[in-house]
Every structure is written in structure tokens, then in C-alpha cells.
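Peer 1: Whatever this is, show me its structure:
(one chain, ligands or ions: 1)
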Amino acid sequence: MRTAVYPGSFDPVTNGHIDIIRRASSMVDRLVIGVLNNSAKSPLFSAEERVNMLEEVTKDIPGVEVTYFTGLLVDFAQSSNARIIVRGLRAVSDFEYELQWAQANRLLNPALDTLFLITDQNYSYLSSSTVRELAKYHADISKFVPPYVEQKVLEKY
Ligand code: ADP
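Peer 2: Numbering: from 1, shown residues only. Below you'll find the model as predicted:
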């Protein structure tokens, strides 16, 4: 059984994330989405709320599980029995950060590999922070997130 983890903040999940989830899940038997519960950041949505939104918007995609984690990604991958870490790449600006972590994670656990999926051109500009910023000023976010998530974001502002 081939398992991958897809870690991130998902604050909130966007159509760009969902595109990566669909594509990655078609390559593996089991895709475990890991919501990073980082106490240093102050997210808009709690880890539970982010897990709930991800579960709702991925319920039609086979082989997807959603959970949250704290601590090191390599430990989360190992406890999920995964040997693949999925990450999305949008622009060159993502690359340097991702390169550092992919190499660090390989040193920590050489059995793990990071699989990068290039963003669909429709979503290359899209990030959770853009969605939060637009919502703050009451802009229409319906093109960027599923209706369920749009509703949850509207409730926050
Ligand atoms: P962000 O807050 O920047 O949206 P996350 O930490 O939630 O980022 O992202 C988790 C993963 O999803 C990262 O690998 C990130 O590069 C990827 N990702 C985020 N948005 C997109 C997008 N629009 N297209 C492709 N990948 C994306």
C-alpha cells in the first residue's frame, strides 16, 4: 500500500490545495493530509476547524484521510507509514524554502522522499493568505475556495 502525506497550514484550504490533493491521491493508495498545528502562528481557523473543512471538501475523493499534527514532519510521515511527502510548487519563491526542507528531511530520514507537483496555472497566484486578506476587506472569494469554505470564512469576518 503506497501512502503519502500532504502537510500544510490549510488556513483555509483553497482550490489550489484541492487540485494538488486530487492529483496526488490518484498516484497513491492513501493520502494523509496533515494540518500543521503550529502554536507559534496565530491561525484564523483552529486545527479542528481546518481539519473539518478539509474533510468536508475532500469527502468525494477516494483514499484521502485528514488529521492534524505537531512537531516534525518526518515523524508525522513515519507515524502515518508514508514514504512520500507531497508539496505543491507555485513560483520560484516557493522553491528555496522547499529545497531546504526536502534536503533536511532527507537527512533526517533517507527513506522519505518529497514529491513536488507544479501548480495548475489557474491557481499559481493562489494562497491561503490571499484568501484571508481578500475576505478581510469583503472581496468575493468564491473563485478561490469551495462554497463550504467560503461560508466558514464569511462567518469569521
Ligand atoms: P499557503 O498558506 O501558502 O497556501 P500551505 O502551508 O497551506 O500554504 O500549503 C501547503 C502546501 O500546498 C504547500 O506545498 C504549498 O506550496 C501548496 N500550495 C498552496 N497553495 C497552492 C496552489 N495554489 N497551487 C499549488 N500548490 C499550493
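
Peer 1: Just confirm residue 6 is within a strand.
Peer 2: Yes - membership of residue 6 in a strand is supported by DSSP: H, G, I helix; E, B strand; the rest coil.

Peer 1: mind checking the longest helix of the chain?
Peer 2: Across the chain, the longest stretch assigned as helix under DSSP state H is helix 92-108.

Peer 1: Tell me the helices and strands packed up against that helix.
Peer 2: helix 73-79, strand 84-89, strand 113-118 (3 or more Cβ pairs under 8 Å, 6 or more residues apart in numbering; DSSP states H and E). (Each C-beta comes from the backbone N, C-alpha and C, glycine too.)

Peer 1: relative to strand 113-118, how tilted is it?
Peer 2: Taking axes from the mean of the first three to the mean of the last three Cα atoms, to 10 degrees, helix 92-108 and strand 113-118 form an angle of 170 degrees between their directions.

Peer 1: pull the CA atoms of helix 92-108 into CSV?
Peer 2: What follows is helix 92-108 as a C-alpha-only set of coordinates in CSV (Å, rounded to 0.1, in the frame of the first residue of the first chain):
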residue,chain,number,x,y,z
VAL,A,92,10.3,30.3,-7.8
SER,A,93,9.8,31.9,-4.4
ASP,A,94,8.4,28.6,-3.1
PHE,A,95,11.4,26.7,-4.4
GLU,A,96,14.2,27.8,-2.0
TYR,A,97,12.1,27.1,1.1
GLU,A,98,11.0,23.7,-0.2
LEU,A,99,14.5,22.8,-1.3
GLN,A,100,15.9,23.4,2.2
TRP,A,101,13.1,21.3,3.9
ALA,A,102,13.3,18.5,1.3
GLN,A,103,17.0,18.2,1.9
ALA,A,104,16.8,18.5,5.7
ASN,A,105,14.1,15.9,5.8
ARG,A,106,16.1,13.5,3.6
LEU,A,107,19.0,13.8,6.1
LEU,A,108,16.6,13.1,9.0
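
Peer 1: Do that helix and the ligand come into contact?
Peer 2: Yes - under the criterion of Cβ under 6 Å from any ligand atom, the ligand is reached by helix 92-108 at residue 94.

Peer 1: coming back round to it: of the helices and strands packed on helix 92-108, which is nearest the ligand?
Peer 2: Shortest distance between the ligand and those, using Cβ to the nearest ligand atom, is found for strand 84-89: 2.2 Å.
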